[in-house]
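A.B. asks: with the input below, show me the fold.
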Amino acid sequence: MNNLGERLYKLRKNIKLSQEEVAEKLNVTRQTVSKWETDQSMPDLDKVAPLCELYGITPNELFIELKDKEISKNAESHGDLEDERFKTGKKAKGIAISVGLFFLSVVWIMIAIPVMNMNPIVASSIFLLICGIATGIIIYVCIRYKKVKTPEETDMDKLRNQISHIVAIIVTIIYLIISFKTMAWHLTWIIWVLFGLFEEILKLIFMLRSSKDEK
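C.D. replies: Next up, the predicted model:
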């Protein structure tokens, strides 16, 4: 049972009495008994003892059991909140690591060939490997620590997507202008790696903001 009124209703039904019969035995009106059972009011102190005697229970059994159930319910709710915070923290750490790996991949491709004189095929393979690991981490944490979103979080996701779409259009224009002017298509694709970094940083910012609001 979740509240006192439902418990009183069940106790009355267990001894097969009507509200009128309970009211007559306790010298109150039927409306008073009805209000007790619908949580519109609570029994007066002078009615608790005769009420418990009528139902064959002690005041402790009436109120303490109810309190224990409420504590249990609150503890369960608190546990769910802590679990959501744990998931958010893990997801944020995973995305932060992925962002770091994407940055590392960009730095690597910028120095591996021109500075370290590494074979372009080997350098590119290592670059793609790092990007693959970063992408795999993102996919894993998003699936493993997926959470049910509140309406507020859904609105934040819509805002983040709108920002991403606007930036994607701007990046596309910049990419085409630079590529056509320089004809360095083999290098300008790095712009999309930088856009990917921006996307992940944006997700991380919104996630950390959501986590802060929960606290």
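A.B. asks: break the chain into its domains for me.
C.D. replies: With domains defined by automatic domain parsing, the chain comprises 4-57, 82-214.
A.B. asks: take those and lay them out in JSON lines including mean pLDDT and mean neighbour count.
C.D. replies: Just so you know, the C-beta spots here come from the backbone N, C-alpha and C atoms, and that holds for glycine as well. Below are the domains of the chain laid out as JSON lines (pLDDT from 0 to 100; neighbours: other CB atoms under 10 Å):
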{"stretch": "domain 4-57", "mean pLDDT": "87", "mean neighbour count": "15"}
{"stretch": "domain 82-214", "mean pLDDT": "78", "mean neighbour count": "14"}
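A.B. asks: with adjacent residues omitted, what lies nearest to residue 196?
C.D. replies: Once flanking residues are discounted, residue 196 sits nearest to residue 102: 6.2 Å by CB to CB, 6 or more residues apart in numbering.
A.B. asks: got the contact list for the one you found?
C.D. replies: Taking CB atoms under 8 Å, 6 or more residues apart in numbering, we find residue 102 in contact with 130-131, 134, 193, 196-197, 200.
A.B. asks: what's the strand or helix carrying residue 5 packed up against?
C.D. replies: Using DSSP states H and E, residue 5 falls within helix 4-14. Under the contact definition 3 or more CB pairs under 8 Å, 6 or more residues apart in numbering; DSSP states H and E, helix 4-14 sits against helix 30-37, helix 45-55, helix 59-112.
A.B. asks: ok, and what's touching it?
C.D. replies: 1, 19, 22, 33, 36-40, 42, 51, 55, 57, 62-63, 66.
A.B. asks: distance from the helix or strand just after that helix to the middle of the chain?
C.D. replies: Using DSSP H and E, the helix or strand that follows helix 4-14 in sequence is helix 19-26. Mean-position distance between helix 19-26 and its chain equals 49 Å (CA atoms, centre = their mean, to the nearest Å).
A.B. asks: what packs against helix 19-26?
C.D. replies: helix 30-37, helix 45-55.
A.B. asks: so for residue 183, which of those sits nearest?
C.D. replies: helix 30-37 (82.4 Å; CB to CB).
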